[in-house]
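> Pasted the sequence and its predicted model underneath.
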There are 2 protein chains.
Amino acid sequence: MIENTNIRALAKALNLSIGTVSKALRNSHEISAQTKEKVIALAKELNYIPNPYASSLRRKKSNTIGVVIPEVADSFFSHAIKGIELIAQKKGYHVLVYLTYESFGKEEAILKEFNSGRVDGVLLSLASETAKSNHIDSLASKDIPLVFFDRVPDDKDTCKVSTNDFEICFDATNYLIEKGCRRPAYLSISKHLSINRKRMEGFKKSIEKNKDKIKNSQIIQCSNDNTKNYEIIKKAMQRRNSPDGIIASVEKLTTPVYLVCKDLNIAIPQKLKVISFSNLETAVILNPSLTTITQPAFEMGKKAAELLFKLIEKKKQQQKNEHVIIPSTLTIREST
Amino acid sequence: MIENTNIRALAKALNLSIGTVSKALRNSHEISAQTKEKVIALAKELNYIPNPYASSLRRKKSNTIGVVIPEVADSFFSHAIKGIELIAQKKGYHVLVYLTYESFGKEEAILKEFNSGRVDGVLLSLASETAKSNHIDSLASKDIPLVFFDRVPDDKDTCKVSTNDFEICFDATNYLIEKGCRRPAYLSISKHLSINRKRMEGFKKSIEKNKDKIKNSQIIQCSNDNTKNYEIIKKAMQRRNSPDGIIASVEKLTTPVYLVCKDLNIAIPQKLKVISFSNLETAVILNPSLTTITQPAFEMGKKAAELLFKLIEKKKQQQKNEHVIIPSTLTIREST
């Protein structure tokens, strides 16, 4: 765009970065008064006229936020989107949903596009493949506000909304053991995801605490491709010392677990007790009804959007690294 | 944008519409060679320079398609989106998901935004509130290709991908009657939606055909707000001549139907046989497993995207009003 040439010329003449000049021109609080004065004086001298479209981009007027999630088939995300929409609607913003399908490459491409100013802010729940974070840093360098929700990174100093993954999984495992399980298993998905690690640590902590009661415990590594999980779980259930209790770390594992039990004639809850992370409406009408770790999906989406709008509106009282934790609840049904 | 002034000036001088001038400048096949020549000659004379951003809009280079759907909680849409993504990815396009939450106002606002050139093409599944279609016509007038899928309008002469709603619902009702139902009921959602009307007509046609066997049949009007449907269905099941067979026209009705039966001690399938339109993975592990009308969701999304890209690429062989029908299948399980 023609305008970038002008900003570039300004930046070169003043020996400043293009980003600094751009921020100074839109009166960003990150730039000192002295620098702003210098930039504005030269802009006037060079008769700098901003291109109206680019200018609207810089002034962040897309009135749109981007929500980047791994999939829509998980009921957690459909509830979270409703919470996000509620807040966005109040603010007069559009919500665009971008799907990564658990792919790091897709996530990277989506965030790259955001750098062009397509959205005013981003809500991100990481893909399970994502192990690096350079693509996230580039967003921050463009001054596009970002709030993580649910699948948050451990290492980033940004705003995050998550649930008490460690504690709730510790409680759920304790509950399985109280109900008589001696060979509990944790069904794990991605090793990269912080939430999976935290849930697994909660499981392990409970095993450690109850070690005098436990005969055998295991972590069963499942696939992101759910069509493979029936065989993985079936094998685990046919081995010696097969589990008598299961914590499924994601909702989609429920169907293969139930199908394996049906096909191998393993009675739930008599022979195997099952708990799954899930917000599925149908949990209550399954055979048997499913004990779930119910995440506050709607509330988490709502809170993440509220934080994002505070950042977009540059509220001074809003810290840039607030971490909100909204607790999940264990909903006990017939499967345990 | 400055440029519109120029296009407007050209249009006025030539006594043509802005749309015609715009199309002539990008060499659209819809404009005659003679008109193109006139427009280009005057554009040169007036030293018309297109604004690069607006020009990229006109040349349709957003490399993005918009998918407008009523909700993501229905598994039909999550499967359809996967089919759409598959095709879009091959074409190097992004997919943006816009949610209407069944609201006409939201649908209207979203389509209005598309008029600004944000997307190169639109896949639309109508909101249940949508009874008018002016908002759709305005999209067509901007030359933004549009393909309807699943919830298609009856009256529009555009590309559509749907399933055999009438026939499959006729078959499903016949099946209920064969299995002994004498008091079948159809659970209806929106009166505006063509697919709901077609499904209902299929139901009625079967009742008509089997009238000597039927003691009582009814259409039960349910709510878009699923929290109200438990009470609606409960009342229907407590009346004299309550149904002994149900066709649920949308997936989300399954949970209230099963819960009512649990609470009223109505055995499925002995006292009530249940069939639902559904692509729920958990249908097979419900108590009892659910007989479903399984829509070819993935294939419908894929086909709709293929048609859209033919329109975007202005393939001459592509008719602008092709209607593709991909049949659903009745998947029989324990609930009947």
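Thanks, I have the structure now.
> ok and the residue in the stretch 201-336 of chain A nearest chain B?
Closest contact between the stretch 201-336 of chain A and chain B, by C-beta to the nearest C-beta, is at A:N287 (3.2 Å). Where you see a C-beta, it was placed from the backbone N, CA and C, and this is true even at glycine.
> and that residue, how many neighbours does it have?
Here the count is done by other C-beta atoms under 10 Å in any protein chain shown, and A:N287 has 19 residues near it.
> Spit out the contact partners of the closest residue to it other than its chain neighbours.
Nearest residue to A:N287, sequence neighbours excluded (C-beta to C-beta, 6 or more residues apart in numbering or on different chains): B:N287, at 3.2 Å. Going by C-beta atoms under 8 Å, 6 or more residues apart in numbering or on different chains, B:N287 touches A:285-289, B:258.
> Now do A:M1, the pLDDT please.
pLDDT, A:M1: 29.
> how close does A:A24 get to A:K316?
As for A:A24, its distance to A:K316 is 19 Å (criterion: C-beta to C-beta, to the nearest Å).
> Give me the more crowded residue out of those two.
Set A:A24 next to A:K316 and count neighbours by other C-beta under 10 Å: A:A24 wins out with 24 against 7.
> SS state for that one?
Judged by DSSP: H, G, I helix; E, B strand; the rest coil, the three-state class of A:A24 is helix.
> residues from the stretch 101-250 of chain A in reach of chain B?
A:101, A:110, A:113 (C-beta under 8 Å from any C-beta of the partner chain).
> so what's the second one closest to, chain neighbours aside?
On the basis of C-beta to C-beta, 6+ apart, the spatially nearest residue to A:I110 that is not a chain neighbour turns out to be A:Y98, at 4.8 Å.
> which residues pair with the one you found across the strands?
A:V68 (DSSP bridges).
> Residue ranges in the stretch 1-150 of chain A under the pLDDT threshold?
Scanning the stretch 1-150 of chain A for pLDDT under 70 picks out A:1-6, A:46-61.
> Can you show me the strands along it?
A:64-69, A:94-99, A:121-124, A:146-149 (DSSP state E, counting those that start in this stretch).
> okay if I get those as a markdown table plus mean neighbour count?
As requested, those are exported to a markdown table (neighbours: other C-beta atoms under 10 Å in any protein chain shown):
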| stretch | mean neighbour count |
| --- | --- |
| strand A:64-69 | 24 |
| strand A:94-99 | 22 |
| strand A:121-124 | 26 |
| strand A:146-149 | 26 |
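> between the ones you listed, which gets nearest to B:N224?
With C-beta to C-beta as the criterion, B:N224 lies closest to strand A:94-99 of these, at 19.7 Å.
> ok, A:E30 - contacts?
A:E30 neighbours (C-beta under 8 Å, 6+ apart): A:23, A:143.
> mind redoing it with 6 Å?
A:K23 (C-beta atoms under 6 Å, 6 or more residues apart in numbering or on different chains).
> swap in A:T35?
Contacts of A:T35 by C-beta under 6 Å, 6+ apart are A:A24.
> how about the helices of the stretch 101-250 of chain A, start to end?
A:104-114, A:134-141, A:165-178, A:194-209, A:229-238 (DSSP state H, counting those that start in this stretch).
> now the ones you listed in a markdown table, with mean neighbour count?
As requested, those are exported to a markdown table (neighbours: other C-beta under 10 Å):
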| stretch | mean neighbour count |
| --- | --- |
| helix A:104-114 | 18 |
| helix A:134-141 | 14 |
| helix A:165-178 | 21 |
| helix A:194-209 | 20 |
| helix A:229-238 | 17 |
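> Need the contact partners of the helix or strand where A:S276 lies.
In the assignment (DSSP states H and E), A:S276 maps to strand A:273-277. With C-beta under 6 Å, 6+ apart as the test, strand A:273-277 has contacts from A:172, A:176, A:179, A:181, A:245-250, A:254, A:257, A:268, A:291-293, A:335-336.
> Show the buried residues in the residues you listed.
A:172, A:176, A:181, A:245-250, A:254, A:257, A:268, A:291-293, A:335-336 (16 or more other C-beta atoms under 10 Å in any protein chain shown).
> Return the distance of the residue positioned nearest the centre of chain A relative to A:I293.
Nearest residue to the geometric centre of chain A (C-alpha atoms, centre = their mean): A:S125, 2.3 Å. Distance of A:S125 to A:I293, computed by C-beta to C-beta: 17 Å.
> Phi first, then psi, for A:Y101.
phi 50, psi 40 (degrees, to the nearest 10).
> Burial check on it, number of neighbours?
A:Y101: 19 neighbours (other C-beta under 10 Å).
> Tell me which residue lies farthest from the centre of chain A.
Here the centre of chain A is the reference, and by C-alpha atoms, centre = their mean the most remote residue is A:E45, at 46.9 Å.
> one step back: and the residue nearest to the centre of chain A, its phi and psi?
phi -120, psi 120.
> correct me, but A:V250 touches A:I189?
Yes - if you go by C-beta atoms under 6 Å, A:V250 and A:I189 touch, sitting 5.4 Å apart.
> one step back: the strand holding A:S276 versus helix A:165-178: what angle between them?
Angle of strand A:273-277 versus helix A:165-178, following axes from the mean of the first three to the mean of the last three C-alpha atoms, to 10 degrees, is 170 degrees.
> May I have the strands that pair with strand A:273-277, each with its orientation?
When DSSP bridges is applied, strand A:273-277 pairs with strand A:245-248 (parallel), strand A:291-294 (parallel).
> closest to A:N216 out of these?
Proximity to A:N216 (C-beta to C-beta) singles out strand A:245-248 among these, at 10.8 Å.
> what about whatever helix or strand comes next after that closest one, distance to the chain center?
Downstream of strand A:245-248, the next assigned helix or strand under DSSP H and E is helix A:254-263. In this view, helix A:254-263 has its centroid 27 Å away from the chain centroid, taken as C-alpha atoms, centre = their mean, to the nearest Å.
> Any buried residues in helix A:254-263, and which?
A:254-261.
> Can you lay out those as TSV showing pLDDT and distance to B:I65?
Listed next are the buried residues of helix A:254-263 as TSV, based on pLDDT from 0 to 100; distance: C-beta to C-beta, whole Å:
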residue	pLDDT	distance to B:I65
A:T254	95	33
A:T255	95	31
A:P256	96	33
A:V257	97	37
A:Y258	96	37
A:L259	95	35
A:V260	97	39
A:C261	96	42
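> restrict these to those near chain B?
Residues of the buried residues of helix A:254-263 in contact with chain B (C-beta under 6 Å from any C-beta of the partner chain): A:255, A:258.
> which of the buried residues of helix A:254-263 lies closest to A:Y230?
Of those, the one sitting nearest to A:Y230 (C-beta to C-beta) turns out to be A:P256, at 4.3 Å.
> wait, what's in contact with the closest one?
Taking C-beta under 6 Å, 6+ apart, one finds A:229-230, A:233 in contact with A:P256.
> Measure how buried the closest residue to A:I232 other than its chain neighbours is and give me the count.
Leaving aside its sequence neighbours, A:I232 sits nearest to A:C222 (C-beta to C-beta, 6+ apart; 5.6 Å). The local packing of A:C222 (other C-beta under 10 Å) involves 22 other residues.
> Many thanks, I have nothing further to ask.
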